[in-house]
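A.B. asks: Provided below are the primary sequence and the corresponding predicted coordinates.
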Amino acid sequence: MPVPDAVATTEGLKRVRASVRGAVQGVGFRPFVFRLAMELGLRGWVSNSPQGVLLEAEGKPRAVEHFLVRLDLEKPLRSFIQSLECWHLDPVGYTEFEIRPSETGGEKIALVLPDIATCDQCLSEVSDPANRRYGYPFTNCTNCGPRFSIIESLPYDRANTTMRRFEMCAQCRAEYQDPQDRRFHAEPIACPACGPHLTLWDSWGRVLTQRGDALQEAAEAVRQGKILALKGLGGFQLVVHAANEATVLALRQRKRRAEKPFALMYPSLESVREACEVCEVERRLLCSPESPIVLLRRRRASSVASAVAPRNPYLGIMLPYTPLHHLLMRELRFPVVATSGNVSDEPICTDEREALDRLHGIADVFLVHNRPIARHVDDSIVRVMLGRELVIRRARGYAPLPVFVKEPLPSLLAVGGHMKNAIAASVGRMVLVSQHIGDLETAQAYEAFRRVVASFRHLYCLEPAAIACDMHPDYLSTRFAHQDGLPVKPVQHHHAHVLACMAENDLEGDVLGVSWDGVGYGSDGTIWGGEFLRVAGPTFERVACLRPFRLPGGEKAVKEPRRTALGLLYEAFGDGLFSMSGLAPLRAFSPGALPVLQAMLSRGLNAPLTSSAGRLFDAVAAVLGLRQVCQFEGQAAMELEFALDGVVTDESYPFRTRAEGKPWVLDWEPAVREILADVQGGLAVGTIAARFHNTLVEMIAAVAGLEQQERIVLTGGCFQNRYLTERAVARLRADGFRPYWHQRIPPNDGGIPLGQIIAASRGGK
């Protein structure tokens, strides 16, 4: 039990909570946890629950880290872990480690597990010529394989999955019914005699070959520089030789994806290490059951085509996570681009006939199979930050696992925002968060959103009492909420960000939320994005924000940092801006366009005000000449972060804090004036970028000092920036504050639906 008033006893300790799901009951798992904790000198507890095993472990940080690693490596022989979710929490001062009575309260909902990467045992069988599953691309067992992508309804029985059309052969049925076999009640069980099989099509859908030959000919097509459309686990992927510059450029042209980085798949961990720096946490993520795309710093000797990730010091890399991928990569033995099977801004294809239509003219050949995909599931993306994972896109391997809260919630549905959309639903003490859906920019994307909503309602038998949505009246998700017929609970965008981060960090009570992103509809009808919110219970107070400036052209400015820069500079210099020579944003426009932009700004026509930190990043990137027009969302901010790579400085620029009543306004003008002077003086762009980032950190520290709230929550898309987040955390800790940031729920708008659920359940906005 925790010690009363344990503040003095918890210094230097670390506490984690873990939710373990899989075969972890009736196999000696709790005694194993107890013995391991005692060996490592940890305190806390372990308990069975209707959802699996819950535990908390507290002790010296290194002992806690060893505990988490050994939990999977040394688990009981008959157990397996399908998912292990961890939260890093404040220590509470436990005095012993105990096996607690099983939890019986709460909803006894059958959790739908994520799709799980191929286990070592299945991979061994696929590689063994003497095994009946040798070379079989749909091999799986209870330890691994498809889950979320094939289930159509609960309970999770074969008859309720897309595998119901495949009748088990006698050998598979014997395994399925044998309690001693690891395929005991493995619902997707299959083999070459009774399961799905591969077919290779040309671009018109004509059969070229089938089964093993199909895989080999698909690999040969990739070797020859062709574009392969591969029907994978949760949808189609487009696959090309990663070192073939011409093929990668052709893929960009056909897919209409000008510069956004492509994901890569490497054949082995060893080959990844040859191309990139890999720390221990990154290695663990690459080889984990989630098997996400991990952002890794590339080595100079990387052999991939420059068009894979232009001007980017990082590569997004994953390892094979299905037998099909393992077999393909074993044939190829070189890295490939493995990007989503779609045209940019559309959802990925899941059906082969749909893919033939939508990907015609993009893919040269199609490697398909006859196991239907129940719902699209993209590859997840993570980044290691401050020694732990930060999920940037939450999909395969993570969704739809829930976030647990302390008290039961009313039944609610949340429909997220407009960008990086995801949805969520509350069931008892769980908030179930969907897979990444994407930006609701096209009719196809909106239809995919509607399908996910319908799927969630059907899968979990949801009867929500209300729908939570964003306050922005023009978001398609907001319009959907108002058309559904249920009571609607609008939630302010940045409030939802803060609540999402609080929920996954198990925080209650007052916090100071630093909610920085590109755009969010404010309570005053303007565009927010550089917000400091004091959150208390169901309400929030906007205690500070960045100084607003105008965005000439509105939405156009989001895609054109040169416009954002003009809006920022006009706020500081007025009409005098247009007589300033040599500025990169001015040079980026034709002379005839500038008078129109000047009129917009001087009259405030189609030039809305914003306090957005994301737009401030864009403006500075344009002033430094890094990016005037974006090819994808966040590109300018990314390039500004990359520009400071390798620069070491604690210097920052000055700023002012206006205190004429709340919200305090953080005035960036002194910083911008010095940035312009440094540009004109020829100071290195990387040094300017580092100073700018440091200035933002000082702004955060300044407001923290004014508010004197110990707990600081860092959230919003800007905190995907590793330098900004790590510097802010270090600065706040040095000043005696306790900073929190995201872990398995994205800091970007993918985390919004979780926060919407929390806000709506409290009656707040």
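C.D. replies: Done, it's in. Residues are numbered from 1 along each chain as shown.

A.B. asks: residues near Val629, how many?
C.D. replies: Neighbour count of Val629, defined by other CB atoms under 10 Å: 14. Backbone N, C-alpha and C define where each C-beta goes, glycine included.

A.B. asks: same question, Arg100
C.D. replies: Arg100 has 14 nearby residues by other CB under 10 Å.

A.B. asks: So the chain: which segments form each domain?
C.D. replies: Using automatic domain parsing, the domain parsing of the chain gives 6-99, 235-365, 394-543+748-762, 544-740.

A.B. asks: Could you identify which of the ones you listed is most buried?
C.D. replies: Highest mean neighbour count among the domains of the chain (mean count of other CB atoms under 10 Å): domain 394-543+748-762, with a mean of 22.

A.B. asks: Can you measure across that one, start residue to end residue?
C.D. replies: One end of domain 394-543+748-762 sits 25 Å from the other (CA to CA, to the nearest Å).

A.B. asks: for it, what is the average pLDDT?
C.D. replies: When pLDDT is averaged over domain 394-543+748-762, the result is 95.

A.B. asks: And for stretch 655-668?
C.D. replies: The predicted model assigns stretch 655-668 a mean pLDDT of 90.

A.B. asks: What's the local residue count around Ala229?
C.D. replies: Should you count by other CB under 10 Å, Ala229 turns out to have 27 residues around it.

A.B. asks: Am I right that it is in a strand?
C.D. replies: Yes: counting by DSSP: H, G, I helix; E, B strand; the rest coil, Ala229 falls inside a strand.

A.B. asks: Helices of the stretch 501-650 of the chain, start to end?
C.D. replies: 555-559, 561-573, 584-587, 593-603, 613-623, 635-643 (DSSP state H, counting those that start in this stretch).

A.B. asks: what's the neighbour count on the nearest residue to Lys231 once chain neighbours are set aside?
C.D. replies: In this structure, Lys231 finds its nearest non-sequential neighbour in Val368, 4.6 Å apart by CB to CB, 6 or more residues apart in numbering. Using other CB under 10 Å, Val368 is surrounded by 22 other residues.

A.B. asks: among the domains of the chain, which is nearest Asn160?
C.D. replies: domain 394-543+748-762 (9.7 Å; CB to CB).

A.B. asks: Mind listing the strands the strand or helix carrying Val391 pairs with, and their directions?
C.D. replies: Assigned by DSSP states H and E, Val391 falls within strand 388-393. Strand 388-393 sits in its sheet next to strand 381-385 (antiparallel), going by DSSP bridges.

A.B. asks: Quick one: mean pLDDT over the strand it pairs with.
C.D. replies: Per-residue pLDDT over strand 381-385 has a mean of 97.

A.B. asks: So that it lines up with my notes, have the first residue be 36 from now on.
C.D. replies: OK, 36 is where the count begins now, so the last one is strand 416-420.

A.B. asks: then it to CSV, C-alphas only?
C.D. replies: Output of strand 416-420 as CSV, limited to C-alpha atoms (Å, rounded to 0.1, in the frame of the first residue of the first chain):
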residue,chain,number,x,y,z
ILE,A,416,4.5,5.4,-36.7
VAL,A,417,6.5,6.0,-33.5
ARG,A,418,9.4,8.1,-32.5
VAL,A,419,11.7,7.6,-29.5
MET,A,420,11.7,10.8,-27.3
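
A.B. asks: could you point out which element follows the strand or helix carrying Val99?
C.D. replies: Using DSSP H and E, Val99 maps to helix 96-108. Next along the chain after helix 96-108, taking DSSP H and E as the criterion, comes strand 115-124.

A.B. asks: what separates the strand holding Val426 from the chain centre, distance-wise?
C.D. replies: 6 Å (CA atoms, centre = their mean, to the nearest Å).

A.B. asks: buried residues in that strand?
C.D. replies: Of the residues in strand 423-428, 424-428 count as buried by neighbour count, 16 or more other CB atoms under 10 Å.

A.B. asks: residues in contact with that strand?
C.D. replies: 123, 316, 320, 327-328, 330, 413-419, 433, 455, 471, 755, 776-783, 785 (CB atoms under 8 Å, 6 or more residues apart in numbering).

A.B. asks: Now, those that are in strands?
C.D. replies: 123, 328, 330, 416-419 (DSSP state E).

A.B. asks: Regarding the closest residue to Pro231 other than its chain neighbours, what is its secondary structure?
C.D. replies: Among residues not flanking Pro231 along the chain, Arg406 sits closest, at 3.9 Å (CB to CB, 6+ apart). Applying three-state DSSP to Arg406 yields a three-state assignment of coil.

A.B. asks: before we move on, the earlier item: in the ones in strands among the contacts of strand 423-428, find the pair that's most separated.
C.D. replies: His123 and Ile328 (22.5 Å).

A.B. asks: mind listing the strands for the stretch 486-635 of the chain?
C.D. replies: In the stretch 486-635 of the chain, the strands defined using DSSP state E, counting those that start in this stretch lie at 501-505, 523-526, 546-556, 562-571, 574-581, 584-585.

A.B. asks: Who are the packing partners of the helix or strand harbouring Val68?
C.D. replies: Using DSSP H and E, Val68 sits within helix 64-74. Contacts defined by 3 or more CB pairs under 8 Å, 6 or more residues apart in numbering; DSSP states H and E place helix 64-74 against strand 78-84, strand 87-94, helix 96-108, strand 132-134.

A.B. asks: how about these, which one is nearest Phe201?
C.D. replies: strand 87-94 (28.5 Å).

A.B. asks: Please enumerate residues in contact with the closest one?
C.D. replies: 45, 48-57, 59-60, 64-65, 68, 72, 75-83, 99, 102, 124, 126-129, 132, 138, 146.

A.B. asks: list the helices and strands the worst-scoring helix or strand of the chain on mean pLDDT packs on?
C.D. replies: Every helix and strand of the chain was ranked by mean pLDDT, DSSP states H and E. The lowest is strand 115-124, at a mean of 82. Counting contacts by 3+ CB pairs under 8 Å, 6+ apart, strand 115-124 is packed against strand 49-58, helix 96-108.

A.B. asks: 6 Å instead, please
C.D. replies: strand 49-58 (3 or more CB pairs under 6 Å, 6 or more residues apart in numbering; DSSP states H and E).
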